[in-house]
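K.L.:
Predicted model, plus sequence, below.
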Amino acid sequence: MAEVTLDEVRHVARLARLDLPDEELERVRRELNRIMEHFAELQQLDTGDVEQTSHAIRMTNVYREDAIIPGLSAEAVIQNAPDGVEGFFRVPAFMEEE
């Protein structure tokens, strides 16, 4: 496997909009090379007998039946408001008139 070069690190950093100082480029290059070595090891594993999965954890969605239930009436809602007028909430003004 070819090693990641400093030019490739600069290119990836630019694509990711990262401003890497020159003194960090070599450290990032070494880290990327270690990551690539791990991928190379994984590629050598024989996974022919392993069942394919789309998710590592088998989870299913649990749905409930849609049921129409009555809500509060407009009168009941406005009754709990600190201030209401003709079925509407009265709130403090938050915009000034011009």
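P.N.:
Arrived safely.

K.L.:
secondary structure class for the nearest residue to residue 1 once chain neighbours are set aside?
P.N.:
Once flanking residues are discounted, residue 1 sits nearest to residue 40: 5.1 Å by CB to CB, 6 or more residues apart in numbering. C-beta here means a position set from N, CA and C on the backbone, and glycine is covered the same way. For residue 40, the assignment made with DSSP: H, G, I helix; E, B strand; the rest coil gives helix.

K.L.:
Validate this expectation: residue 24 resides in a strand.
P.N.:
No: under three-state DSSP, residue 24 sits outside any strand and is assigned helix.

K.L.:
That one: what's it in contact with?
P.N.:
Counting by CB atoms under 8 Å, 6 or more residues apart in numbering, residue 24 makes contact with nothing.

K.L.:
how close does it sit to residue 79?
P.N.:
Using CB to CB, to the nearest Å, residue 24 is found at 64 Å from residue 79.

K.L.:
What of residue 56?
P.N.:
Relative to residue 79, and taking CB to CB, residue 56 is found at 51 Å.

K.L.:
quick one: which of those two has more around it?
P.N.:
residue 79 (10 against 6; other CB atoms under 10 Å).
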